[in-house]
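>>> Here is the input, now give the coordinates:
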Amino acid sequence: GYSTILMAREIGKKSQIITIEEHETEAEVAKNNISQTELDVNVQVINGDAVEVIPTLKGTFDFVFLDAAKEEYYHYLQLMENKLVKGAILVADNAGKFATEMKDYLDYVRTSGKYQSRYIGISDDGIEISLKL
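Residues are numbered from 1 along each chain as shown. Below is the predicted model of the structure:
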């Protein structure tokens, strides 16, 4: 829930954040941490496997932060791509240290023509930020 709390503090009050936590213990910790902060944002913590949860999500998304199993990033994107609005921003964490594990994702956002994408190095790691065209 740490990243969720940081993001929630920076976005508009009418925004909604959905976070998916695979492990029940981590989901409960996230819910507890989020409830202890005074956020003006609607945060929903869903416990489950993202591969199963993403197809059930309703509506569209304008921002996605990927910080999970690196080798699954491309699969997650395929499941959510039709839910992303034009101009949606994708942030893939650990795109430096785990570039090999997320090669299919990085190749896709960089060469599919559907995204404008850029790697930003941070210390010995980095993030890939992609804009849906």
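>>> all helices of the chain, in order?
Applying DSSP state H to the chain gives helices spanning 2-8, 24-36, 50-53, 73-80, 103-111.
>>> For the shortest one, list every residue counted as buried.
Pointing back at helix 50-53 there. Ala50, Val53 (16 or more other C-beta atoms under 10 Å). (Glycine included, C-beta is placed from N, CA and C.)
>>> name the helices or strands packed onto the helix or strand of the chain with the lowest mean pLDDT?
Least confident helix or strand of the chain, by mean pLDDT, DSSP states H and E, is helix 2-8 with a mean of 84. Where contact means 3 or more C-beta pairs under 8 Å, 6 or more residues apart in numbering; DSSP states H and E, helix 2-8 is packed against strand 16-21, helix 24-36, strand 42-47.
>>> same thing but at 10 Å, please
Where contact means 3 or more C-beta pairs under 10 Å, 6 or more residues apart in numbering; DSSP states H and E, helix 2-8 is packed against strand 16-21, helix 24-36, strand 42-47, strand 61-66, strand 84-93.
>>> Could you list everything the residue sitting nearest the centre point of the chain pairs with in the sheet?
Centrality entry for the chain: nearest residue to the mean C-alpha point is Phe65, 2.1 Å, by C-alpha atoms, centre = their mean. In this entry, Phe65 is beta-bridged to Val91, by DSSP bridges.
>>> show me what contacts it?
The neighbourhood of Phe65, defined by C-beta atoms under 10 Å, 6 or more residues apart in numbering, consists of Ser3, Thr4, Met7, Ile17, Thr19, Ile89, Leu90, Val91, Ala92, Asp93, Ile127.
>>> Now mean pLDDT too, for the helices and strands packed on helix 2-8, in TSV please.
TSV is the format used below for those (pLDDT from 0 to 100):
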stretch	mean pLDDT
strand 16-21	92
helix 24-36	88
strand 42-47	90
strand 61-66	96
strand 84-93	98
